[in-house]
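K.L.:
Could you look at this predicted model? Sequence included:
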Amino acid sequence: MLRCLLMIACLTFASCRAPAAVIAPEASTGWTEVWVEGARQGAGDGSRERPFSTLVEALARAADGGRPLRVHVAPGRYRGPFILPAGLELVGAGEGSVLEGEGAGPVVRAPEGAVLRGVAIQGGSWGLEAAREVRLAAVRFSGQGTGAVRVEAGHLLVEEGVFESGGAGTVGVMLVGGSRGEVREGTFTGAFRRGVETRDSDVELESVRFRGPLTALYQAGGQVRLRHAAVEDGPEVGLFVQHGTLRLEDVTVTGHEYGLQGLDATLEARGFTSVRAVRAGVALIGSRGVLEDSVVQGSGGFGAVSLLGSDMVVRGLRVEGADAYGISATRGRLRLQRTLITRLTTREGDSGDGLHLRDVEVEVEGLVVRDVAGAGVLAAQGARVVLRDVSLEACREAGVWAETLARVTAEGLEVRGSGGPALVALEEGVLQVDALTARDNAGGLVVADCQGATGVRLGRVVGQGPGQVAAEPGAKCVVVGASP
C-alpha cells in the first residue's frame, strides 16, 4: 500500500519527477574524478575542496593510468589548445565553462574519443577535432575560423548542441571517412557555408534548426536521415545531396536558391515543404526515389519541381503560387499521383504550365491543375504521357497541349474555363482522350494543325456552350466519338 501511495505522489507532484539532467554525469563508480576552478588562487590537488586552477593539470591525471578520468570544470575561461586522453569525460557548469583557443589549431583534439557536457568552446580553427566515439551534450560552439566540429572515421553523438558561425566559409559539423553521426535538438545559426557536411558517412539529424547557413546540409555519398527540421534564411541550396541516399521527414526549407537539390541521388521524402525558393523548390538531376505529401509554395523561374533525367514517384504533392511551372520533367520517368497545382504565374509571359513534359515517360492519376498562366499539361519532344482522372480548370492557354511528336493518352479528363481550347495538337503531336468533359473553354474543343502525324481522337465527349462539341470538326486529323 505504501509503495502505491509513493507512486501516486510522484505522479502528482513535480518535485518527484526525475530531472532532465542533460549535462549531468553518470554515476561515479569506476571513475577517477577531479575538479578544476580557474578562479582559484594557489595550488590544488584536484579534489572538490581544493580544485586545480588549470585544465592542463587535470588532464595530466590521465597519465596516472587505471580508471577513466572525469573532469568537472567550474565557470571560467580556460585557454587551450587541449588534447583529451582516451576515455575522458569533461563536465562543465553550462555556458560559463568556456574552453577557448586562437590561431590555426583546434581548441580541443580528441583522437581517441571523449565525452563533453555543458561547456562552451570558443575560437580556434576548429572547435573540436575528433575520431572514435565522441559524445556532446549541451555544448555550444562559436567563433571558429574553419568549423565547429570535425570527425573522421568516428561516431559523433550530439544532444542539444548549439553551433554559431564564426564567419562566412565555415562549417558547423563535418563528418568524413565513413563516420557515423547523430545530432538531436541542435541549432545552427549564422553564415555557415555548410551547416552539416557529410562525405561517405551515415548520419541522422533530428529536431534540428538551421538559421542563416548558405547550405544547411551538404551530402556527398553515404546516407543521411533528416527528421523534424527547419531551414531558414540562407541564400544558396537549402539541402544538397549527390551520389548518396537522403531520407526526409517533416522538413521545411524557407527561402534559399533551391529548397532541395539532388544530383545522381536517391531520395525518400515525406512531408517536405519548400517556401519561396528563388529558383525551384525541388530540383533533381539523374536521381530516383519517392516524394510524398510535400508542398512547394512560391518558387521561382525554374518551377516548383524540376526533374532532369530522373526516375521519380511523386504522391500527394501540393504546389501553390509557383512561377513558370508546377512540375517540369525532361527525360527519365515520372509517376504522379494525388497532386494539386494552383496559381502559377509567369514573369515573361511564355510559361506557367501545370505539367511541362519533354522527352519523358509520365503516368498521372488524380491531378488537379487550377488557375495557371499556361497549359494545364504540356507534352513535347516525344514525351509519352498517360492521364487518368485529371481536372484542368482556368488554364489560360489550353487544357492539354501536345506538340513535337508527343503522345498523350487520357481517360477521365475534365477541362473547364480555359482561355484557349480544351485540347491542342501541333507538329505531329497525338492526343487520344476518352471520357472527356469540356465546358466553358474560350477557344472551343480542339485546335490541331493536322500536319504530318498530328492527330486527335476523342470518345465519350460531354460539353456545354457553343463550339464545345463538334460532330464534324472540319479537320481530317480530328475524330470525335458520339456524345452520351
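P.N.:
Structure's in. What do you need?
K.L.:
Tell me which other helices or strands the helix or strand that residue 400 is a member of touches.
P.N.:
Per DSSP states H and E, residue 400 falls inside strand 398-402. For strand 398-402, the packing partners by 3 or more CB pairs under 8 Å, 6 or more residues apart in numbering; DSSP states H and E come out as strand 375-380, strand 384-395, strand 407-416, strand 423-425, strand 430-439. From N, CA and C alone the C-beta is placed, and that goes for glycine too.
K.L.:
Could you save those strands as a markdown table and add columns showing mean neighbour count?
P.N.:
As requested, the helices and strands packed on strand 398-402 are exported to a markdown table (neighbours: other CB atoms under 10 Å):
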| stretch | mean neighbour count |
| --- | --- |
| strand 375-380 | 28 |
| strand 384-395 | 21 |
| strand 407-416 | 21 |
| strand 423-425 | 28 |
| strand 430-439 | 21 |
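K.L.:
ok, back up a step: could you export the strand holding residue 400 as PDB, CA atoms only?
P.N.:
Taking Å, rounded to 0.1, in the frame of the first residue of the first chain, the C-alpha atoms of strand 398-402 are listed here in PDB:
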ATOM      1  CA  ALA A 398      -5.200  25.400 -73.100                       C
ATOM      2  CA  GLY A 399      -6.100  22.300 -71.100                       C
ATOM      3  CA  VAL A 400      -3.800  19.700 -72.700                       C
ATOM      4  CA  TRP A 401      -1.200  20.700 -75.300                       C
ATOM      5  CA  ALA A 402       0.700  18.000 -77.300                       C
END
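K.L.:
what does that strand contact?
P.N.:
For strand 398-402, the external contacting residues (CB atoms under 8 Å, 6 or more residues apart in numbering) are 353, 375-380, 385, 387, 392, 408, 410, 413, 415, 418, 420-426, 429-431, 433, 438, 441, 443, 447.
K.L.:
tell me how far it is from the chain's mean position?
P.N.:
Centroid separation between strand 398-402 and its chain, computed with CA atoms, centre = their mean, to the nearest Å, is 33 Å.
K.L.:
what do you get for stretch 202-217?
P.N.:
9 Å.
K.L.:
again with stretch 336-355
P.N.:
Per CA atoms, centre = their mean, the centroid offset for stretch 336-355 relative to its chain is 22 Å.
K.L.:
just stretch 140-147 next, same as before
P.N.:
24 Å.
K.L.:
That stretch: end-to-end distance?
P.N.:
13 Å (CA to CA, to the nearest Å).
K.L.:
Same question for stretch 73-91.
P.N.:
With CA to CA, one end of stretch 73-91 sits 6 Å from the other.
K.L.:
Quick check: pLDDT value at the closest residue to residue 164 other than its chain neighbours.
P.N.:
Residue nearest to residue 164 in three dimensions, not counting chain neighbours: residue 142, with 4.0 Å by CB to CB, 6 or more residues apart in numbering. Residue 142 is assigned 97 on the pLDDT scale.
K.L.:
measure residue 142 to residue 450 for me?
P.N.:
To residue 450, residue 142 is 70 Å away according to CB to CB, to the nearest Å.
K.L.:
what does residue 42 give?
P.N.:
101 Å.
K.L.:
Which stretches in the stretch 1-150 of the chain count as helices?
P.N.:
2-12, 55-60 (DSSP state H, counting those that start in this stretch).
K.L.:
contacting residues around residue 202?
P.N.:
Contacts of residue 202 by CB under 8 Å, 6+ apart are 178-181, 222-224.
K.L.:
Just flag the most distant two among those residues.
P.N.:
178 and 224 (13.7 Å; CB to CB).
K.L.:
returning to what we had before: output the helices and strands packed on strand 398-402 in JSON lines, with mean pLDDT and distance to residue 114 appended to each entry.
P.N.:
Listed next are these as JSON lines, based on pLDDT from 0 to 100; distance: least, CB to CB, whole Å:
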{"stretch": "strand 375-380", "mean pLDDT": "98", "distance to residue 114": "58"}
{"stretch": "strand 384-395", "mean pLDDT": "98", "distance to residue 114": "57"}
{"stretch": "strand 407-416", "mean pLDDT": "97", "distance to residue 114": "62"}
{"stretch": "strand 423-425", "mean pLDDT": "96", "distance to residue 114": "67"}
{"stretch": "strand 430-439", "mean pLDDT": "96", "distance to residue 114": "67"}
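K.L.:
mind putting those in TSV, distance to residue 97 included?
P.N.:
Shown next, in TSV, are the helices and strands packed on strand 398-402 (distance: least, CB to CB, whole Å):
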stretch	distance to residue 97
strand 375-380	62
strand 384-395	62
strand 407-416	67
strand 423-425	70
strand 430-439	71
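K.L.:
Tell me which of those lies nearest to residue 287.
P.N.:
It is, among these and with distance given as CB to CB, strand 384-395, at 20.2 Å.
K.L.:
just how off-centre is that closest one within its chain?
P.N.:
29 Å.
K.L.:
hmm, who's touching it?
P.N.:
Counting by CB under 8 Å, 6+ apart, 354, 357, 360-372, 374-377, 379, 399-400, 402, 406-419 sit against strand 384-395.
K.L.:
Let's see that with 6 Å instead.
P.N.:
Residues from elsewhere that reach strand 384-395, judged by CB atoms under 6 Å, 6 or more residues apart in numbering: 357, 361-372, 375-376, 379, 399, 407-418.
K.L.:
Tell me where the model's unsure across the chain.
P.N.:
1-29, 63-66, 347-350, 464-475, 482-484 (pLDDT under 70).
K.L.:
returning to what we had before: so which of residue 42 and residue 450 has more stuff around it?
P.N.:
residue 450 (14 against 6; other CB atoms under 10 Å).
K.L.:
Just read off the phi/psi values of the more buried one.
P.N.:
The phi/psi pair for residue 450 (degrees, to the nearest 10) reads phi 50, psi 40.
K.L.:
Pretty sure it sits against residue 478.
P.N.:
No. The pair residue 450 / residue 478 is not scored as a contact, 7.6 Å apart, by CB atoms under 6 Å.
K.L.:
doesn't residue 337 fall inside a strand?
P.N.:
Yes. Per DSSP: H, G, I helix; E, B strand; the rest coil, residue 337 lies within a strand segment.
K.L.:
Let me see the contact set for the nearest residue in space to it that is not next to it in sequence.
P.N.:
Distance criterion CB to CB, 6+ apart; nearest residue to residue 337, sequence neighbours excluded, is residue 315 at 4.6 Å. Going by CB under 6 Å, 6+ apart, residue 315 touches 292, 337-338.
K.L.:
And for residue 430?
P.N.:
Contacts of residue 430 by CB under 6 Å, 6+ apart are 407, 455.
K.L.:
Residue 163 is in what secondary structure piece?
P.N.:
strand 162-164.
K.L.:
Return the distance of the nearest residue in space to residue 92 that is not next to it in sequence relative to residue 398.
P.N.:
Nearest non-adjacent residue to residue 92, counting by CB to CB, 6+ apart: residue 119, 3.6 Å away. Residue 119 sits 64 Å away from residue 398, going by CB to CB.
K.L.:
Got the phi and psi for residue 247?
P.N.:
Dihedral angles (degrees, to the nearest 10) for residue 247: phi -110, psi 120.
K.L.:
Tell me how many other residues surround it.
P.N.:
18.
K.L.:
was I right about residue 408 contacting residue 380?
P.N.:
No. Using CB under 6 Å as the test, residue 408 is too far from residue 380 to be in contact (10.4 Å).
K.L.:
check contacts around the residue nearest to residue 104 when sequence neighbours are not counted.
P.N.:
Closest residue to residue 104 in three dimensions, ignoring its sequence neighbours and counting by CB to CB, 6+ apart: residue 125, at 5.2 Å. Listed by CB under 6 Å, 6+ apart, the contact set of residue 125 reads 104, 106, 145-146.
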